[in-house]
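In: just the structure for this:
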Amino acid sequence: MLIDQNSIASVVDPEENFDGVTSGTGGTLTVSFASGATALDTLAVKNVGTGAGQISVSGSNVLYEGTVIGSFSGGTSGTDLEFTFNANADNEAVSALINNLTFQYDGVITGDRELEFTL
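Out: Have a look, this model is predicted:
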């Protein structure tokens, strides 16, 4: 996955399949810094909208096409961004979520960041 500062994530795995999250069973996703994290790093979800194929955020809830697919916490000060999915989350929704992750650094960025996704 590639994330440029203040931009949308770009998933580079063309065979993305989130078997751990299938409709009706829920699951979790943790996005963590495997290396390079600082207290000035923030991971978040881009609030795009509630239309077809879109991700939005309401408080600590994440929505896909206007339907809550789970909740999230963390992501600030270099901490893990953790998602807990409900029965509405499916491969399409989780893929859209991952494609709308953002990275922000409060300052002039130095060095690389490596992220790890655990589903």
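
In: which stretches of the chain form strands?
Out: 27-35, 41-45, 55-58, 61-64, 67-74, 81-85, 101-105, 114-118 (DSSP state E).

In: how near is the residue nearest to Phe117 when sequence neighbours are not counted to Val94?
Out: Excluding the flanking residues, the one nearest Phe117 by CB to CB, 6 or more residues apart in numbering is Val31, at 5.7 Å. Glycine gets a C-beta too; all of them are placed from N, C-alpha and C. Per CB to CB, to the nearest Å, Val31 is found 12 Å from Val94.

In: and for Gly70?
Out: Counting by CB to CB - Gly70 and Val94 are separated by 9 Å.

In: shaky segments in the chain?
Out: For the chain, the stretches flagged by pLDDT under 70 are 1-25.

In: identify the residues contacting the residue lying farthest from the centre of it.
Out: Distance from the C-alpha centroid of the chain, by CA atoms, centre = their mean, peaks at Val108 (23.0 Å). Val108 makes no contacts at all, as judged by CB atoms under 8 Å, 6 or more residues apart in numbering.

In: for Thr84, same thing?
Out: Thr84 touches Gly26, Thr28, Gly70, Ser71, Phe72, counting by CB under 8 Å, 6+ apart.

In: pretty sure the second one is touching Phe117, no?
Out: Pointing back at Thr28 there. No. Applying CB atoms under 8 Å, one finds Thr28 not in contact with Phe117, separated by 11.1 Å.

In: these two - which one has more neighbours?
Out: Phe117 (16 against 13; other CB atoms under 10 Å).

In: show me what Ser73 is bridged to.
Out: According to DSSP bridges, the residues that bridge with Ser73 are Glu82.

In: returning to that earlier point: now the common contact residues for Gly70 and Val94.
Out: Any residue near both Gly70 and Val94 by CB under 8 Å, 6+ apart counts here, and that gives Phe85.

In: picking up where we left off before, any quick PyMOL command for the buried ones out of the contacts of Thr84?
Out: Buried residues among the contacts of Thr84 (16 or more other CB atoms under 10 Å), as a PyMOL selection:
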select buried, resi 26+70+72
